[in-house]
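1. Curious how this folds, go ahead:
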Amino acid sequence: FWLKLEHTRVWVVCLVVCRPPWSREFGRAMSTISPYTTQGKWSHSSGGEIDINVDSTGQSVIINHPTVGKQTLEVRKFCQGDGLDYFGFKGKIEGNKITWNNGVVWTKLA
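-> Coordinates of the predicted model:
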């Protein structure tokens with residue numbers, strides 16, 4: 001039994017994040033949130049202020065939190081998909097507020 005295939009083409013479609021292969025981020029899902037949208041001073045719903053800055057490389061955020069203290073996080077770990085991740089808490093930016101899944105709200109100060 002012989003099977004002869006003529007003019008057969010196989011198309012393989014891959015969804016790839018548009019980053020160069022030499023990038024450390026190649027193959028990871030990109031966030032739709034820029035860390036610069038989180039930069040600035042925020043008021044914590046339980047009191048106190050949070051200060052968020054993006055470092056000079058744009059690769060890390062420095063967060064100064066009233067109870068947790070100062071933390072430096074990689075942007076790719078803090079900004080994930082269409083939300084934020086801070087110590088395992090998931091946050092959504094809506095206007096000038098970040099609402100966290102533990103009920104805490106950070107409101108951006110002018």
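2. can we go C-alpha only for contacts and neighbour counts from here?
-> Will do.
3. Let me know the distance separating the residue nearest in space to the middle of the chain from residue 52.
-> For the chain, the residue nearest the mean C-alpha position is residue 79 (1.2 Å; CA atoms, centre = their mean). From residue 79 across to residue 52, the span is 13 Å (CA to CA, to the nearest Å).
4. Note down every partner strand of the helix or strand containing residue 64 and its orientation.
-> Counting by DSSP states H and E, the element that carries residue 64 is strand 60-65. As defined by DSSP bridges, the strand partners of strand 60-65 come to strand 49-54 (antiparallel), strand 69-74 (antiparallel).
5. Using PDB, write out every CA atom in it.
-> Presented in PDB, the C-alpha positions along strand 60-65 are these (Å, rounded to 0.1, in the frame of the first residue of the first chain):
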ATOM      1  CA  SER A  60      11.700  47.700  38.100                       C
ATOM      2  CA  VAL A  61       9.200  49.600  40.300                       C
ATOM      3  CA  ILE A  62      10.100  50.800  43.700                       C
ATOM      4  CA  ILE A  63       7.100  50.700  46.000                       C
ATOM      5  CA  ASN A  64       7.200  52.400  49.400                       C
ATOM      6  CA  HIS A  65       4.200  51.100  51.400                       C
END
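6. ok, back up a step: might you report the residue contacts of the residue nearest to the centre of the chain?
-> Shown in contact with residue 79 (CA atoms under 8 Å, 6 or more residues apart in numbering): 31, 33-35, 85.
7. Kindly recompute the last result at 10 Å.
-> 30-35, 38, 61, 73, 85-86, 90-91 (CA atoms under 10 Å, 6 or more residues apart in numbering).
8. same deal with residue 87?
-> Residues near residue 87 by CA under 10 Å, 6+ apart: 68, 73, 77-78.
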